[in-house]
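1. Provide a 3D model corresponding to the input given below.
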Amino acid sequence: MGNMLKDIAVLLFSAGEEIEKKAGEFKKQREERYDDFEETIKKKSDEFKSRFDTEVDNAKENLMEFTEKIGIASKKEVDELKNKIDDMSAKLDSIIESVKK
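-> Below you'll find the predicted structure:
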């Protein structure tokens with residue numbers, strides 16, 4: 001009976017070592033798979049962002065072309081006109097001031 005208990009203890013100890021070894025292997029494999037997963041997610045995210053930015057740029061271009069065709073001024077063009085008017089107004093004011101003196 002004592003020998004049988006010794007044999008069982010040795011088997012349990014051996015099984016414990018094997019379980020720890022397998023657990024370490026599984027942990028390593030899980031970490032590798034997780035690293036691969038993170039890398040794949042990052043690649044796909046970058047691809048999506050790139051495609052999304054391209055689509056947004058194309059949509060903006062198409063919208064600008066459409067507004068040009070129907071004759072609507074864009075905010076950028078209106079701002080440029082406002083700046084030119086302000087510059088001309090400042091020049092006229094300076095000319096009027098110089099004429100008054």
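
2. need the contact list for residue 47.
-> Residues near residue 47 by C-beta atoms under 8 Å, 6 or more residues apart in numbering: none. Placement of C-beta: from N, CA and C, glycine included.

3. what's the distance between it and residue 76?
-> Look at residue 47 and residue 76: by C-beta to C-beta, to the nearest Å, they are 30 Å apart.

4. what's the answer for residue 98, then?
-> For residue 98 relative to residue 76 (C-beta to C-beta), the value is 33 Å.

5. need the helices for this structure, in chain order.
-> Assigned by DSSP state H, the helices in the chain fall at 2-70, 75-100.

6. got these as a markdown table, with mean pLDDT columns?
-> Below are the helices of the chain laid out as a markdown table (pLDDT from 0 to 100):
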| stretch | mean pLDDT |
| --- | --- |
| helix 2-70 | 91 |
| helix 75-100 | 89 |
